[in-house]
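Student: Need coordinates for the below:
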Amino acid sequence: MTSQLNVDTIVDKAGSGGSNVKMANTSTYVSDGGAVAQNTVQGLIKAWWTYDQGTTTLEDSYNIASLTDNATGNHTGAFTNSMSATTYAVSGVTESNGIIQVYSDGAKVAASLRMQTGDGLGSSGVVDYDECSVIISGDLA
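Tutor: Below you'll find the predicted structure:
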């Protein structure tokens, strides 16, 4: 038997605030206008970080166990919870119109991501930036 719960607000049992809601991987939401249902869990960012490459400071992050400074303009973010495969999507930005890319040696693995930044990339264009931000979308293991 299928059931449905219709409520306006969910609060904790004391009635004083919000509540924790646990969702399954199959949970969906209805898009604006109600035409399309989307998977809520698949649409979430799975990891992100903001990193100061000059001082090697991890400024803020989510699902990042550690960040390693490999060399100038080159760092690796290790995920706290690994991705299910290497087919996850990566996006990033640096200050001053710098370029960010997945490191060219195939260092995109399920447990970590190696990035390279610069002003044109290649051996002469690799640069450390004061702000380098990366987001990861995909499926967790």
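Student: Name the helix or strand for the residue nearest the centre of the chain, please.
Tutor: Most central in the chain under C-alpha atoms, centre = their mean is residue 47, positioned 2.5 Å from the mean C-alpha point. For residue 47, the host element (DSSP states H and E) is strand 45-52.
Student: Identify the residues contacting that strand?
Tutor: 57-64, 67, 75, 77, 79-81, 83, 88, 130-140 (C-beta atoms under 8 Å, 6 or more residues apart in numbering). The C-beta positions use only the backbone N, C-alpha and C, and glycine is treated the same way.
Student: So which of these are in strands?
Tutor: Among the contacts of strand 45-52, the members falling in strands (DSSP state E) are 57-62, 64, 67, 75, 77, 79, 132-137.
Student: give me the number of residues near residue 58?
Tutor: 14 (other C-beta atoms under 10 Å).
Student: so how far is residue 133 from it?
Tutor: Noted for residue 58: a distance of 11 Å to residue 133, by C-beta to C-beta, to the nearest Å.
Student: Kindly report the same for residue 39.
Tutor: Distance from residue 39 to residue 133, by C-beta to C-beta: 25 Å.
Student: Looking only at neighbour counts, state which of those two leads.
Tutor: Ranked by neighbour count (other C-beta under 10 Å), residue 39 and residue 133 place residue 133 first, with 18 against 12.
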